[in-house]
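Undergrad: Pasting the sequence and the predicted model now:
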2 protein chains.
Amino acid sequence: MTRAANEAAKAQRPARKEAEDVPIELGELSELIGYTLKRAQLKIFEDFLRCMAPLQLTPAQFSVLLLLDRNPGRNQTEIASTLGILRPNFVAMLDGLESRDLCARIRSVNDRRSHHLVLTDKGKAVLARAKKLVAAKHEARLNDLLGADNRAALVAMLAKIADEF
Amino acid sequence: MTRAANEAAKAQRPARKEAEDVPIELGELSELIGYTLKRAQLKIFEDFLRCMAPLQLTPAQFSVLLLLDRNPGRNQTEIASTLGILRPNFVAMLDGLESRDLCARIRSVNDRRSHHLVLTDKGKAVLARAKKLVAAKHEARLNDLLGADNRAALVAMLAKIADEF
DNA sequence: CTATTTTGATATGGTCCATAACAATTATCA
DNA sequence: TGATAATTGTTATGGACCATATCAAAATAG
């Protein structure tokens, strides 16, 4: 997100002649897909965190809870890989969720190397509340800004980029 | 929990007993704007780096060169803030570009605290080549995938999110 | 002139992301 | 069967980014 962006633009230019605050020109930057994508992504994540503040869930944590709910009993390698998280980095993430009693690692009897991952009752309750917050505050706000049709088209194009690019 | 464990054991695949590799369900994840945005952004940046490999420019470095070209003589505070980069972090970034002789810090005579930032001749040449690579390989590929109209609509919506969300 | 602000810079810490390596366990196959 | 290879979760580690506090030099305000 553009943090302290707007504030510091002044001074410099013609010493003390006339304070003609010449704005900086973005040029072709504003047409670059990478530039706009990154800025939009930061804004969306920022808003997500704000909406989710009462539940203290990051986007990544929320996505893990969603996957565990839909796919109970899968192991860490499976969940991590479908989210693009590397297995080593997934360990600490799961530790955090498990220490908050949102999910649990259950030793498999078939394969004693792996853990079956499941949501706890508290995890299910938190996820339910999180879903409502996301729908009512986060996604609804995007609908207000773009309209339902445009929002759907946007998501479809982004998914196409993610999958086929 | 035991119920979940039973389901989990059932859902687990011995992988060669009955080779049914049950795919993991994404569920509502695929409709979340944050999820699709992030994945698309990673793909786009990945492709950008690949296209720019011969010039060894990251998206952030490319955006700095673009800004310096359009706005020669601005100081570090101005360039960094318009890109959402914090001044402390911009120092090392400029060091990198300057050590490669792509830009230069020129001490201001009006204000001896600040530097006028300018592209070197080599910087201008590299930027020109970079622009061509981005247009011919990177952005063109997006046009092929989405079509020119959709691509423009996508960028417009992303810009709207970045600016008005 | 004194006090405050601004600029570039350093130091530092946090969060991700990526790789190597390891013990325990399981799978392969000669 | 038994030796070898592969897999799972894990630790350790390093790099890339991001954010805050702080500083000296210089400029500005009062």
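TA: The structure has been received and is ready for your questions.
Undergrad: all contacts plus neighbour counts: C-alpha atoms, from now on.
TA: Fine.
Undergrad: those strands in chain A, which residues are they?
TA: In chain A, the segments counted as strands under DSSP state E are A:103-107, A:115-119.
Undergrad: Could I get these in CSV, plus columns for distance to DNA strand C?
TA: What follows is these, written out as CSV (distance: least, CA to the nearest atom of the strand, whole Å):
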stretch, distance to DNA strand C
strand A:103-107, 10
strand A:115-119, 11
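Undergrad: Buried deepest among those strands, which one?
TA: Comparing the strands of chain A by mean neighbour count (mean count of other CA atoms under 10 Å in any protein chain shown), strand A:115-119 ranks first with a mean of 25.
Undergrad: The most centrally placed residue in chain A and A:Leu145: what is the separation?
TA: For chain A, the residue nearest the mean C-alpha position is A:Pro59 (3.5 Å; CA atoms, centre = their mean). Counting by CA to CA, to the nearest Å, the gap from A:Pro59 to A:Leu145 is 21 Å.
Undergrad: hmm, back to that, quick check: pLDDT value at the residue nearest to the centre of chain A.
TA: Here the pLDDT value assigned to A:Pro59 is 98.
Undergrad: Repeat that for the one 3 residues further on.
TA: If you check A:Phe62, the pLDDT there is 98.
Undergrad: And A:Ala19, by the same measure?
TA: Predicted confidence (pLDDT) for A:Ala19: 45.
Undergrad: what about whichever residue of chain A sits closest to chain B, distance to A:Leu119?
TA: Closest approach between chain A and chain B, counting by CA to the nearest CA: A:Gly73, at 4.0 Å. Counting by CA to CA, the gap from A:Gly73 to A:Leu119 is 9 Å.
Undergrad: before we move on, what about A:Lys132?
TA: For A:Lys132 relative to A:Leu119 (CA to CA), the value is 18 Å.
Undergrad: next one: A:Leu57
TA: 15 Å.
Undergrad: May I see the buried residues of the longest helix belonging to chain A?
TA: If you go by DSSP state H, chain A has its longest helix at helix A:33-51. Residues A:33-51 are the ones in helix A:33-51 that count as buried (16 or more other CA atoms under 10 Å in any protein chain shown).
Undergrad: helices or strands up against it?
TA: helix A:59-70, helix B:33-51, helix B:148-164 (3 or more CA pairs under 8 Å, 6 or more residues apart in numbering or on different chains; DSSP states H and E).
Undergrad: quick one: A:Leu86 and DNA strand C, what's the gap?
TA: 6 Å (CA to the nearest atom of the strand, to the nearest Å).
Undergrad: and what of A:Leu158?
TA: 17 Å.
Undergrad: which residues touch the nearest residue to A:Phe45 once chain neighbours are set aside?
TA: In this structure, A:Phe45 finds its nearest non-sequential neighbour in B:Gly34, 6.4 Å apart by CA to CA, 6 or more residues apart in numbering or on different chains. Residues near B:Gly34 by CA atoms under 8 Å, 6 or more residues apart in numbering or on different chains: A:41, A:44-45, A:48, A:59.
Undergrad: go on, A:Leu26?
TA: A:Leu26 touches B:66-67, B:70, counting by CA under 8 Å, 6+ apart.
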